[in-house]
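Novice: sequence unknown, structure follows:
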């Protein structure tokens, strides 16, 4: 006699059709929350055993959510950041939380390189001017575009994304150095303040943790060379929006390319939306077709492993990778 199917709760806002396509072949009861709010989340968690989490962070798995899920055995994040989870509560409950580390690393790194090219050459700025009816040929030349290959690049965080970003920037002729919580055996390592002081382009690839939140405050950004560029593909809380705005308004930063913000969506009236030196993206640096396929494959593989009694990959809290039904 076969055991009762696992209940799989999908919180990620994929839509019923995509959820069916992704998980319909699994021997599981696949359910969606009745509403995308706290009440809907807690109601759905009452019977949930396996959870595919919400990558938008709208339905956060905090301590109250963990307490509302007596049968919860495993949580899979379809992405990298896990700041919307209470890791301690999950660990105390014996629930492993996994992410899809590395699945979108190349896509995010390519965005960082493209953004640095854009800022160095003023591509988006020129596009806006021409679309408005102007022909700013002389003004563009006066702005002093730079060849990216002539610039020193600093990478903050040498995980999968930072490592790939370093490779790409080196490939176009940039000199690259880095800071990371764990020093690597290769590459040019510098302490944080030294890295900032010697980086014409700073690429932020760190996870958001209590230690990295607010790391790039106004005083630290002021260490960057005059006219430096900032590219953030990590999380907005690492480099506060107001600190970035202050730096670009003062001219200390010549430009910033931001895929992430402290509050998402970025408020419609936020002054960053109006600043000509800032290139904005709606947290989609990793949203290529290949990256999405990679992440979905990683999610499904881990759900299968959990159901079949095999260890799951990429556990980020201190729980056993072998999922146990409760």
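Specialist: Happy to help now that I have it. If you're wondering where the values come from, they're calculated on a predicted model, not measured in any experiment. Numbers count the residues shown, from 1 in each chain.

Novice: would you list every one of the helices in this structure?
Specialist: 16-23, 38-45, 63-67, 87-92, 105-121, 123-131, 137-143, 160-171, 192-197, 218-221, 241-250, 289-308 (DSSP state H).

Novice: gap between the residue most central in space within the chain and residue 206?
Specialist: Centrality entry for the chain: nearest residue to the mean C-alpha point is residue 234, 4.7 Å, by CA atoms, centre = their mean. Using CB to CB, to the nearest Å, residue 234 is found at 5 Å from residue 206. (Each C-beta comes from the backbone N, C-alpha and C, glycine too.)

Novice: Residue 57: what's it in contact with?
Specialist: 83, 84, 264 (CB atoms under 8 Å, 6 or more residues apart in numbering).

Novice: Once you drop chain neighbours, what's closest to residue 123?
Specialist: residue 117 (7.2 Å; CB to CB, 6 or more residues apart in numbering).

Novice: Just the pLDDT at that neighbour, thanks.
Specialist: For residue 117, the model assigns a pLDDT of 97.

Novice: Low-confidence ranges, the stretch 1-150 of the chain, go.
Specialist: Counting by pLDDT under 70, the ranges of the stretch 1-150 of the chain that qualify are 1-2.

Novice: quick one on the thing from earlier: would you format the helices of the chain as JSON lines with mean neighbour count included?
Specialist: JSON lines is the format used below for these (neighbours: other CB atoms under 10 Å):
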{"stretch": "helix 16-23", "mean neighbour count": "14"}
{"stretch": "helix 38-45", "mean neighbour count": "18"}
{"stretch": "helix 63-67", "mean neighbour count": "17"}
{"stretch": "helix 87-92", "mean neighbour count": "17"}
{"stretch": "helix 105-121", "mean neighbour count": "22"}
{"stretch": "helix 123-131", "mean neighbour count": "15"}
{"stretch": "helix 137-143", "mean neighbour count": "11"}
{"stretch": "helix 160-171", "mean neighbour count": "21"}
{"stretch": "helix 192-197", "mean neighbour count": "16"}
{"stretch": "helix 218-221", "mean neighbour count": "16"}
{"stretch": "helix 241-250", "mean neighbour count": "18"}
{"stretch": "helix 289-308", "mean neighbour count": "18"}
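
Novice: quick one, which of these is nearest to residue 182?
Specialist: helix 160-171 (11.2 Å; CB to CB).

Novice: Next, count neighbours for the residue lying closest to residue 42 once chain neighbours are set aside.
Specialist: Nearest residue to residue 42, sequence neighbours excluded (CB to CB, 6+ apart): residue 68, at 4.2 Å. By the criterion of other CB atoms under 10 Å, residue 68 has 18 neighbours.

Novice: close enough to count as contact, residue 68 and residue 47?
Specialist: No: here residue 68 does not reach residue 47: they are 10.6 Å apart, not a contact under CB atoms under 8 Å.

Novice: Wait, residue 70 touches residue 326, no?
Specialist: Yes: under the criterion of CB under 8 Å, residue 70 makes contact with residue 326 at 7.1 Å.

Novice: any shared contact partners between these two?
Specialist: Contacts common to residue 70 and residue 326, judged by CB under 8 Å, 6+ apart, are absent.

Novice: Much appreciated, bye for now.
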